[in-house]
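S.K.: quick one: sequence and predicted model below, then my questions.
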Amino acid sequence: MTNLEIRQFPKNEAGLFYGYLLIGVALLIMSVIWAAYYTFGVFFKPMLEELGWTRAMTAGAFSIALVINGLLAIAMGGFTDKFGPRMVMTICGLLLGLGYFLISQISAVWHLYLSYGVLVGAGMGGSFIPLISTVARWFVKKRNLMTGIVASGTGIGALIGPPVANRLISTYGWRVSYTVLGCVVFLIVILFAQFLKREPAQVGKVAHGVNQEKQKALDPMTDGLSLKEAVYASQFWVFFGTGFCYGFCLFAVMVHIAPHVTEFGISATDAANILATIGGLGILGKVLLGRIGDIIGSRQTLIFGFILMSVALFWLVPAKMVWMLFSIAGIFGFAYGGCTVSQSPLVAELFGLRSHGLIFGVFGISVTSGGALGPLLTGYIFDFTGSYHMAFLICAFISFTGIILSAVLKQRR
């Protein structure tokens, strides 16, 4: 981009900058998508009671969805660059709404694998990267802050989704509840996706802060490694391992903690609120530890997040009292929020900005592959032993492995 091109861009006039409206829309879409996604643990036991499947069989649908999510996330990012977020998120809203609606009609395991594993998994492929990538195009000066606000939608979703789903299930049953869920996701995501714009030039504006940060806008992002160069670096695979540990522990807990606590006679309402606590403290973790990460460094933040996660998981093994479980959920949520917010900055610090989006997308496969294995293995261990104790102990040791891998990471010179 040349100086002449910068001067030819129209200046942002006084009044509401469209980018702020876009942030609000992106936050709403992110919250709704992830609210629906995090309800799986609440639907888990009612589905088992009616259909008589094993926990491993049922959790397998969640694992398939995560694998497809990870594989398609890279493609969705590319489609966003080419076609814009409006088209991508409209398609994702269609897939998610249809998937959730079809779950209400299932009677065989393969129905669940198709509706949730394939359709919902494909829709979730566009649940994060397209929205975050669009934010980066609209903001220069406040890019990190705005990215954090939109990313917090995942935590907001975890906070509101499980309690709402639990209330619907207790009133109408799980089948009607999935129908309602599908309709809400379909309408909100598709409707508000129409307000998304790929870049400020589409509404005759420039990115927020482009005048103040002209020099940054002019600097070509050529510093760093290509994807091919990155995958040949040992640091990439160490970092990849941290993503696997993070995804394994996060999704194993998100899927199985609700059915786990009900084994102690704790009510389904409390179980849903425990899930919501993880989401709520996840929001705080992303904001607070993200700010702290600017001071102490992203690697240190990731290490701290894994330390807290390990503490929560080791405590979860013997915990049976309600206050303990809520405390564990709070620690775990705060920890996962810190891990989440440190990952994108670490990609820049380890590999530079040259292929940041592509490398980050490939790194996402580590998270989704760990997330696919975690719930499946946890369910299998419960089916085999009749208890979650061994499964959560394994999660604790995997989280501890994340501490070691994070400590090995070294910032690129």
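M.R.: Perfect, thanks for sending it.

S.K.: what residue ranges in the stretch 301-413 of the chain are flagged as low confidence?
M.R.: 353-357, 411-413 (pLDDT under 70).

S.K.: now do the helices in it.
M.R.: Shown for the stretch 301-413 of the chain, the helices assigned by DSSP state H, counting those that start in this stretch span residues 322-351, 356-385, 389-408.

S.K.: check the offset of the last one from the chain's centre.
M.R.: This means helix 389-408. 20 Å (C-alpha atoms, centre = their mean, to the nearest Å).

S.K.: give me the contact list for stretch 330-339.
M.R.: With contact meaning C-beta atoms under 8 Å, 6 or more residues apart in numbering, stretch 330-339 is reached by 155, 158, 246, 250, 253, 277-287, 289-290, 293, 301-302, 304-309, 311-313, 315-316, 402. For every residue, glycine as well, the C-beta is placed using N, CA and C.

S.K.: okay, buried residues for that stretch please.
M.R.: For stretch 330-339, the neighbour count (16 or more other C-beta atoms under 10 Å) marks 330-339 as buried.

S.K.: ok, stretch 24-34 next?
M.R.: Going by neighbour count (16+ other C-beta under 10 Å), the buried part of stretch 24-34 is 25-34.

S.K.: re the thing from before, and the contacts of stretch 330-339, which are buried?
M.R.: Using 16+ other C-beta under 10 Å as the burial test, the contacts of stretch 330-339 include 155, 158, 246, 250, 253, 277-287, 289-290, 293, 301-302, 304-309, 311-313, 315-316, 402 as buried.

S.K.: Pro345 touches Ser298, doesn't it?
M.R.: Yes: counting by C-beta atoms under 8 Å, Ser298 is a contact partner of Pro345 at 4.3 Å.

S.K.: who's more crowded, the two?
M.R.: Ser298 (24 against 19; other C-beta atoms under 10 Å).

S.K.: so the more buried one sits against Leu350, correct?
M.R.: No: contact criterion C-beta under 8 Å: Ser298 and Leu350 do not qualify, at 9.2 Å.

S.K.: list the residues that contact both of those two?
M.R.: Contacts common to Ser298 and Leu350, judged by C-beta under 8 Å, 6+ apart, are absent.

S.K.: all helices for the stretch 51-200 of the chain, in order.
M.R.: Counting by DSSP H, counting those that start in this stretch, the helices of the stretch 51-200 of the chain are 55-83, 85-103, 109-112, 121-124, 129-138, 143-151, 153-172, 174-193.

S.K.: how about the nearest residue to Ile160, chain neighbours excluded?
M.R.: What sits nearest to Ile160 in space, not counting adjacent residues and going by C-beta to C-beta, 6 or more residues apart in numbering, is Ala35, at 5.4 Å.

S.K.: let's verify the one you found: helix, strand, or coil?
M.R.: helix (DSSP: H, G, I helix; E, B strand; the rest coil).

S.K.: quick check: it touching Ile156?
M.R.: Yes: taking contacts as C-beta under 8 Å, Ala35 lies within contact range of Ile156: 7.4 Å.

S.K.: thinking again about what came up before, of all the helices of the stretch 51-200 of the chain, which lies closest to Phe236?
M.R.: helix 55-83 (15.2 Å; C-beta to C-beta).

S.K.: got the buried residues for the closest one?
M.R.: For helix 55-83, by 16+ other C-beta under 10 Å, it's 55-74, 76-81.

S.K.: what does stretch 36-44 give?
M.R.: Buried-residue list, stretch 36-44, by 16+ other C-beta under 10 Å: 36-44.

S.K.: in helices, which of these fall?
M.R.: Members of those lying in helices (criterion: DSSP state H): 36-37, 40-44.

S.K.: how about the host helix or strand of Val238: buried residues?
M.R.: Assigned by DSSP states H and E, Val238 belongs to helix 234-262. For helix 234-262, burial by neighbour count (16+ other C-beta under 10 Å) applies to 235-236, 238-261.

S.K.: follow-up on the earlier one: Ser369 is nearest to which of the helices of the stretch 51-200 of the chain?
M.R.: Per C-beta to C-beta, nearest to Ser369 of those: helix 55-83, 6.4 Å.

S.K.: now do the closest one and helix 356-385, the angle between them.
M.R.: Following axes from the mean of the first three to the mean of the last three C-alpha atoms, to 10 degrees, one obtains 170 degrees for the angle between helix 55-83 and helix 356-385.

S.K.: where does pLDDT dip in this structure?
M.R.: 1-15, 136, 140-145, 202-204, 206-223, 353-357, 411-413.

S.K.: outline the domain layout of it.
M.R.: Using automatic domain parsing, the domain ranges for the chain come out as 13-219, 220-413.

S.K.: residue contacts, Ile295?
M.R.: Applying C-beta under 8 Å, 6+ apart, no residues qualify as near Ile295.

S.K.: ok, now Ala56?
M.R.: By C-beta under 8 Å, 6+ apart, the neighbours of Ala56 are 376, 379-380, 382-383.

S.K.: closest one to Val180 out of the residues you listed, please.
M.R.: Nearest to Val180, judged by C-beta to C-beta, of these is Gly379 at 26.1 Å.

S.K.: please report how far the residue lying closest to Gln300 once chain neighbours are set aside lies from Gly285.
M.R.: Of all residues not flanking Gln300 in the chain, Gly293 sits nearest, at 7.6 Å (C-beta to C-beta, 6+ apart). Using C-beta to C-beta, to the nearest Å, we find Gly293 at a distance of 11 Å from Gly285.

S.K.: identify the contacts common to those two.
M.R.: Common contacts of Gly293 and Gly285, defined by C-beta under 8 Å, 6+ apart, comprise 338, 341.

S.K.: any idea how far Ile365 lies from Ala230?
M.R.: 13 Å.

S.K.: with Asn69 instead?
M.R.: For Asn69 relative to Ala230 (C-beta to C-beta), the value is 22 Å.

S.K.: over to Val238?
M.R.: Per C-beta to C-beta, Val238 is found 12 Å from Ala230.

S.K.: and if you look at Tyr246?
M.R.: Distance from Tyr246 to Ala230, by C-beta to C-beta: 19 Å.

S.K.: can you check Ser406 too?
M.R.: Ser406 sits at a distance of 18 Å from Ala230 (criterion: C-beta to C-beta).

S.K.: do Ala65 as well
M.R.: 27 Å.

S.K.: over to Leu409?
M.R.: Per C-beta to C-beta, Leu409 is found 13 Å from Ala230.
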